[in-house]
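Following is a predicted model, sequence given first.
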Amino acid sequence: MEINRDELKAQFSILIGQSVDEKVLSGFEVKLKEAVETPAKLKFNLLFSSIPRQVGRNTVHVPAEQLSVLQDCRKGFDPSGWTVDRLCRVQLLLHLDPAIGKEEYLARVEELFSVAEVNEQVALYSALPLYHFPEEFRFRTTEGIRTNMTSVFDAVALNNPYPFDYLEEAAWNQMVLKALFMQRPVYRIYGIDQRANQALARILSDYAHERWAAGRAVSPELWRCVGPFIDEKLFEDINRLLKGNDPFKEEAAVLACYDSDFAGAKQVLADRPRLAEMARSGELNWNALGKDYEKEL
Amino acid sequence: MKFIDPHVHMVSRTTDDYEAMQKAGVVAVIEPAFWLGQPRTAAGSFKDYYSSLVGWERFRASQFGIKHYCTIGLNSKEANNEPLAEQVMDLLPLYIFKEGVVGIGEIGYDDQTAAEDKYFRAQIELAREAGLPIQIHTPHRDKKKGTIRSMDVCEEHGVDPSTVIVDHNNEETVEEVLNRGYWTAFTIYPNTKMGNERMVEIVRQYGAERIMINSAADWGVSDPLSVPKTAALMLERGIPQEQVELVCYKNALEAFGQSGQMKEEDWADAEGVDQTQLFHGNSVLRGGQQAKTGDNIIKN
């Protein structure tokens, strides 16, 4: 994975500067330099803890041009909506020098994880796509997926390209299922469509059946990863969505069928020319459906 | 009326307690680091405990609409295991600047041994360096002497009494603690220490300045609604409302607010903050039925 860390550091500094006043920025830069230049880790760790006291919690505004520069530096990286303390923490982590050696580098990050409070965990997981030795963070990522703290889970699973790039299939599937379980917006999972797979389609269908049996609602986003794998059995689920008059369910069924070559699915589209045309033109799409459904929650 | 319970061990309490506290008007709690009923045998146990105070427990409280803060420290009982205490002292700097940490506590004396004295003093120095308030646990046995000694030691280290909360006071200690300028806290335990009837009389006699009450509810017989219940009794017995507010809310806020980590806006604005950070997309806020959240977070 190509990462232009020097450019990211410069871009982060600009973004931070746009979110706090000049004095706060220069104060932070001084502390950052100190922490990076001191070999003992205590200064680095204390700065990591105390960042919100220095820079506050304003939301960082990321203009579109700047986001595309960031994504040229690291594909899929997206700090939109972050608070400035989160960005400053990721900036500090970006300055952790791999020259200290792989073992020491990993131990330093793991130590921060092991004593982290909620917002620190959010920052640490947000930095997943930027760490050196990224293949060593797979287990840590699955730990993040196991959390029940919504904001921590979101930092791992939403708008974060690391799981897409590095998680093996079982862990990826677990993440998507957990996102649905925690009622998180699936459309914000980076690479959700590319990593759809047969096993996930089966897991999601089972989960839907479990929810139906308990008389509970099923997110229309669940069917996003099912479409390409529709067979006789999964098609029964699609038919179930089409019963009743829920526009979300009907749209989800149409979108799933649009992703499928199964004969029954083609018939569903033929029976609903208006929605089928909307799916073809892109007016109806999974992201828009996910956003609309999110508002309903 | 809004309440703060400035001493309560929520890790030992159930979600029913959180719900009841929220309904009774408790907006914020402070959880001092204490022992768990039996001694820990490894530094890692302390680390995970501190992490839970700034992590999971904080989140759990937020799911019930309560802001959770904590004080971090090595308690006096476990200070007696010196090899372990040394390792725990190394951990403390990693936690004291974390969000929601409003002081060093609860520290002080239990049996008043030399080891307890050593680590009490070391933690007073840590609090001074960090600019954090100190929450003092006064001993159950030989209380009066232990309380006076705690204050003497603070003053020996040059600590300003207005940054120290002396806890678990009673009729025997209140006068000297107040006179020396300390925040004077009372624990309302059902049947023991300080019942709420006695508390009403103390406020009647000494007023409300620098006095606060807490439940110290933990894994033992205790009542997490002690603060609102005592407030109700005070009002019923004719204590003026301004005084009740000081004792059950404002004084705790002022004392622990000196940390810079606890502000009234934290809960006044909580709805906006929590919706995006914690509740976002969760079913909780629909129709304001908070209890439903548990559905999501506690199972699995």
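On my side now, so go ahead.

do stretch A:170-182 and chain B meet?
Yes. Using Cβ under 8 Å from any Cβ of the partner chain, stretch A:170-182 comes into contact with chain B via A:181-182. C-betas here are computed from N, CA, C, even on glycine.

interface residues of the stretch 1-150 of chain B facing chain A?
B:47, B:50-51, B:54-56, B:58-59, B:91, B:93-95, B:97-100.

and if we set it to 10 Å?
Within the stretch 1-150 of chain B, the residues that sit near chain A (Cβ under 10 Å from any Cβ of the partner chain) are B:44, B:47-48, B:50-51, B:53-56, B:58-60, B:62-63, B:70, B:91, B:93-101, B:130.

quick one: contacts for residue A:47?
A:28, A:31-32, A:34-36, A:38, A:54, A:88-89, A:92, B:97 (Cβ atoms under 10 Å, 6 or more residues apart in numbering or on different chains).

Buried subset of the residues of the stretch 1-150 of chain B next to chain A as a ChimeraX selection?
In ChimeraX syntax, the buried subset of the residues of the stretch 1-150 of chain B next to chain A is picked out as below (16 or more other Cβ atoms under 10 Å in any protein chain shown):
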select /B:47,50,51,53,54,55,56,58,59,60,62,63,70,91,93,94,95,96,97,98,99,100,101,130
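
the strands in chain B, which residues?
B:3-5, B:26-32, B:67-72, B:101-108, B:134-137, B:164-166, B:183-187, B:211-214 (DSSP state E).

Out of the contacts of residue A:47, who's the most crowded?
Within the contacts of residue A:47, neighbour counts (other Cβ atoms under 10 Å in any protein chain shown) peak at residue A:88, which reaches 31 neighbours.

Mind pulling up the pLDDT for that residue?
The model reports residue A:88 with a pLDDT of 98.

from the stretch 51-200 of chain B, which residue is nearest to chain A?
Residue nearest to chain A within the stretch 51-200 of chain B: residue B:54 (3.6 Å; Cβ to the nearest Cβ).

how many neighbours does the closest residue in space to that residue that isn't next to it in sequence have?
Excluding the flanking residues, the one nearest residue B:54 by Cβ to Cβ, 6 or more residues apart in numbering or on different chains is residue A:117, at 3.6 Å. If you count neighbours by other Cβ under 10 Å, residue A:117 ends up with 22.

So what does residue A:117 have for phi and psi?
Dihedral angles of residue A:117 (phi, psi; degrees, to the nearest 10) stand at phi -80, psi -180.

quick one: contacts for the nearest residue to residue A:80 once chain neighbours are set aside?
Among residues not flanking residue A:80 along the chain, residue A:62 sits closest, at 4.9 Å (Cβ to Cβ, 6+ apart). Neighbouring residues of residue A:62 by Cβ under 10 Å, 6+ apart: A:11, A:15, A:18-19, A:69-70, A:78-82, A:87.

Next: residue A:193.
A:187, A:224-225, A:227-228, A:259, A:286-287.

State the helix or strand in which it lies.
Using DSSP states H and E, residue A:193 falls within no helix or strand.

Output the strands of chain B in CSV; the columns should cover mean pLDDT.
As requested, the strands of chain B are exported to CSV (pLDDT from 0 to 100):
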stretch, mean pLDDT
strand B:3-5, 98
strand B:26-32, 98
strand B:67-72, 98
strand B:101-108, 97
strand B:134-137, 98
strand B:164-166, 98
strand B:183-187, 97
strand B:211-214, 98
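
So which of those strands is nearest residue A:272?
Minimum separation from residue A:272 across those (Cβ to Cβ) falls at strand B:67-72, 49.6 Å.
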